[in-house]
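> Take a look and give me a structure for this.
(one chain, ligands or ions: 1)
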Amino acid sequence: MSNRHFNGLTPAEAERLAILAEECGEAVQIIGKILRHGYRSYHPDDPNGPDNRAMLVKELGDVHCVMDLMAELGDFNGADVHRRSREKRLRLQHYTHHQDFPEVVNG
Ligand SMILES: [Mg+2]
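As a prediction, this is how the structure comes out:
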């Protein structure tokens, strides 16, 4: 019987995926708060704390950080992510109802 995990991940790869999942979950949570209460709302127990817009920036930055780290450590090719991002933007231009897309500058 092998000591290797059935999914073939190293402990470091598994940890990075766990962190990515956690940060994506935190981003989804604040998106839900914004949809329910708005960008300017804040936690009622902390009226001087960050509002939901600031919390969204924080959590998206956390996701971006983990993505950068994973690309740097070879979990995936960061250029592939950028290529996919451009493709997604083109698709969104055709399939959204309320967006006014700014011109892409040499994306
Ligand atoms: Mg976070």
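
> mind checking how far the most centrally placed residue in the chain is from the ion?
Centroid-nearest residue in the chain: residue 63, 4.1 Å away (criterion: CA atoms, centre = their mean). According to CB to the ion, to the nearest Å, residue 63 stands 8 Å off from the ion. Every C-beta, even on glycine, is put in place using the N, C-alpha and C of the backbone.

> what's that residue sitting at in phi/psi?
As for residue 63, its main-chain torsions (degrees, to the nearest 10) stand at phi -60, psi -40.

> my read: it touches residue 25, true?
No: using CB atoms under 8 Å, residue 63 is not in contact with residue 25, being 9.9 Å away.

> What are the buried residues along the longest helix seen in the chain?
Longest helix in the chain by number of residues (criterion: DSSP state H): helix 11-37. For helix 11-37, the neighbour count (16 or more other CB atoms under 10 Å) marks 13, 16, 19-20, 23-24, 26-27, 30, 33-34 as buried.

> So which of those reach the ion?
23, 26 (CB under 5 Å from the ion).

> sorry, back to before: now do the longest helix of the chain, average pLDDT.
The pLDDT scores in helix 11-37 average 98.

> heads up, I number from 822, so please use that
All set: I'll call the first residue 822, so the last point we hit is now helix 832-858.

> so how far is that helix from its chain's centroid?
7 Å (CA atoms, centre = their mean, to the nearest Å).

> How about stretch 822-831?
For stretch 822-831, the distance to the chain centre is 28 Å (CA atoms, centre = their mean).

> Next: stretch 880-889.
Stretch 880-889 sits 6 Å away from the centroid of its parent chain (CA atoms, centre = their mean).
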